[in-house]
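# pasting the structure only:
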């Protein structure tokens, strides 16, 4: 049985969930309190973080390595283009979201507002929250610029780059930190991706102590 | 002409340099003061960081996306295995070094001791330096454990994972922050990789204000 050890709002876990769902691979979700550094969990992944995926006899870590493996062994429908330059552009953008967007936005908003409370680390640092709220504007504008030139973020087909971006934005949307009025282009892109069957499980997430805004699960937001 | 905008001690730039050199692709190295956020540089890479590689008519960013592209278009000699599970393991380990090792060790030692001085950010924070010095022991032990089971880090052939690890360790070795006596297995592995022709340019690096220890460029260290 495929099993994913995860936390619901982690964008890295959400990227893997979207990838599995798009490929119609059934998965059992197990919430993992990775911050407690339970020895059993550390045995599954010495890096001590989620996602961890039990799949094909492997205990897998590192979300992008996992998604590339899933796409290579279950290529239908494809999430990674075939042509090297298109593959490069997709990987560049996955890196953009999982590194730059993560550092400048997700860690400053989601981790301050949610993770600190959940893990008992205390209150949000308002300087970080302000920096994150400022940085997300630039990122939404960059996405709008890309989407003015292409149908999807990395080119004319939907790829893992769209899932990486949507994973971060959906987690932030759960805490109302995305201003969808900033760009109609980005909103249209998110509406398209949000309406995919693969997105359903993510829209059904409920985190105790944090109620999502009504538009979070609304396909016509 | 292939041109790499880089800084000499950046492990991400070094990974790309090793990859290019292993494939015998000649490259012009241009030092980039990315922290000055020069508009010309931001036009080359809106992410505002190095490495940036001018190659095949593209201006490329994100070191792993670059290395995957180089290997896909110049597969000889291969740095990425062909079998999906081996590819996964290689990518997991590239992620291990570029994310976990980078956060726990490189950013705590190299960035504190060198980058802060070079960019004028001030003095090293001794708590970070201590944390980094503690964490590298665990990482060297993990590498020793992997290398007790395999000839190279990700399996029985040399891959990009070895270059990722060697890129971080060589930068730290420049400032004498690697205790090679901790594990004979890791030292042997590093001696093998250090003696490759691809490593020569890295061993010749000289950073003004920081003199490397005599063993840094010594193949018989």
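Done, it's in. All of these numbers come straight from a predicted model, not from anything done at the bench.
# use CA for all of it now, contacts and neighbours both
Will do.
# Tell me the residues of chain A that contact chain B?
Proximity of chain A to chain B, by C-alpha under 8 Å from any C-alpha of the partner chain, involves residues A:47, A:61-62, A:65-66, A:68-69, A:72-73, A:84-85, A:87-89, A:91-92, A:95-96, A:100.
# List the buried residues for stretch A:184-194?
For stretch A:184-194, a neighbour-count test (16 or more other C-alpha atoms under 10 Å in any protein chain shown) marks A:185, A:186, A:187, A:189, A:190, A:193, A:194 as buried.
# Quick check, residue A:165 in contact with residue A:97.
Yes - using C-alpha atoms under 8 Å, residue A:165 is in contact with residue A:97, at 5.9 Å.
# More neighbours: which of these two?
residue A:97 (25 against 22; other C-alpha atoms under 10 Å in any protein chain shown).
# That one looks like it's in a strand, true?
No - going by DSSP: H, G, I helix; E, B strand; the rest coil, the assignment for residue A:97 is helix, not a strand.
# There's contact between it and residue A:167 in this structure, I believe.
No - Residue A:97 lies out of contact with residue A:167 (C-alpha under 8 Å); the separation is 9.3 Å.
# Got phi/psi on the residue located most distally from the centre of chain A?
What lies farthest from the middle of chain A is residue A:39; by C-alpha atoms, centre = their mean that is 26.3 Å. Backbone torsions of residue A:39, given as degrees, to the nearest 10, read phi -60, psi -40.
# now it: how far from residue A:202?
28 Å (C-alpha to C-alpha, to the nearest Å).
# what does residue A:186 give?
In terms of C-alpha to C-alpha, residue A:186 sits 19 Å off from residue A:202.
# ok so, going back, so who does the residue farthest from the centre of chain A touch?
For residue A:39, the contact set (C-alpha atoms under 8 Å, 6 or more residues apart in numbering or on different chains) is empty.
# okay, now the nearest residue to residue A:215 once chain neighbours are set aside: neighbour count?
Ranked by C-alpha to C-alpha, 6 or more residues apart in numbering or on different chains and with sequence neighbours excluded, the top spatial neighbour of residue A:215 is residue A:221, at 5.3 Å. Summarising burial for residue A:221: neighbours were counted as other C-alpha under 10 Å, giving 10.
# Can you list the residue ranges for helices in chain A?
Counting by DSSP state H, chain A has helices at residues A:11-22, A:39-44, A:63-73, A:84-95, A:107-110, A:116-118, A:126-149, A:160-174, A:184-194, A:200-203.
# Go through the lowest-mean-pLDDT helix or strand in chain A and flag the buried ones.
Lowest by mean pLDDT, DSSP states H and E among the helices and strands of chain A is helix A:39-44, with a mean of 89. Within helix A:39-44, the residues that qualify as buried are A:41, A:44, counting by 16+ other C-alpha under 10 Å.
# what does stretch A:210-221 give?
A:212, A:216, A:217.
# mind listing what the last one touches?
With C-alpha under 8 Å, 6+ apart as the criterion, the residues that contact residue A:217 are A:203, A:204.
# what do you get for the second one?
Applying C-alpha under 8 Å, 6+ apart, one finds that residue A:216 lies in contact with A:173, A:174, A:203.
# can you redo those residues as CSV with distance to residue A:20 and neighbour count?
What follows is the contacts of residue A:216, written out as CSV (distance: C-alpha to C-alpha, whole Å; neighbours: other C-alpha atoms under 10 Å in any protein chain shown):
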residue, distance to residue A:20, neighbour count
A:173, 21, 20
A:174, 21, 24
A:203, 15, 18
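# closest to chain B among those residues?
Taking C-alpha to the nearest C-alpha as the measure, residue A:173 is the one of those closest to chain B, at 23.3 Å.
# Roughly how far does the residue nearest the centre of chain A sit from residue A:185?
Central residue of chain A (C-alpha atoms, centre = their mean): residue A:167, 2.2 Å from the mean position. Distance, residue A:167 to residue A:185, by C-alpha to C-alpha: 18 Å.
# Contacts only, for residue A:209.
Counted by C-alpha under 8 Å, 6+ apart, residue A:209 has zero contacts.
# Near the nearest residue to residue A:34 once chain neighbours are set aside, how many other residues are there?
Spatial nearest neighbour of residue A:34, excluding adjacent residues (C-alpha to C-alpha, 6+ apart): residue A:49 at 5.8 Å. Per other C-alpha under 10 Å, the neighbour tally for residue A:49 reads 21.
# Give me the phi and psi for residue A:49.
phi -140, psi 160.
# I figured it was touching residue A:32, is that so?
No - with contact defined as C-alpha under 8 Å, residue A:49 does not reach residue A:32; the gap is 9.1 Å.
# Which pLDDT does the model give the closest residue to residue A:195 other than its chain neighbours?
Distance criterion C-alpha to C-alpha, 6+ apart; nearest residue to residue A:195, sequence neighbours excluded, is residue A:219 at 6.0 Å. pLDDT for residue A:219: 94.
# mind listing what residue A:219 touches?
Counting by C-alpha under 8 Å, 6+ apart, residue A:219 makes contact with A:191, A:194, A:195.
# wait, which of those residues is closest to residue A:122?
residue A:194 (32.2 Å; C-alpha to C-alpha).
# how close does the residue lying closest to that closest one once chain neighbours are set aside get to residue A:173?
Leaving aside its sequence neighbours, residue A:194 sits nearest to residue A:219 (C-alpha to C-alpha, 6+ apart; 6.6 Å). Using C-alpha to C-alpha, residue A:219 is found at 13 Å from residue A:173.
# And residue A:91, by the same measure?
Residue A:91 is 24 Å from residue A:173, where distance means C-alpha to C-alpha.
# what about chain A, any weak spots by pLDDT?
Scanning chain A for pLDDT under 70 picks out no residues.
# hang on, the earlier thing: looking at the contacts of residue A:216, which one is closest to residue B:118?
residue A:173 (38.7 Å).
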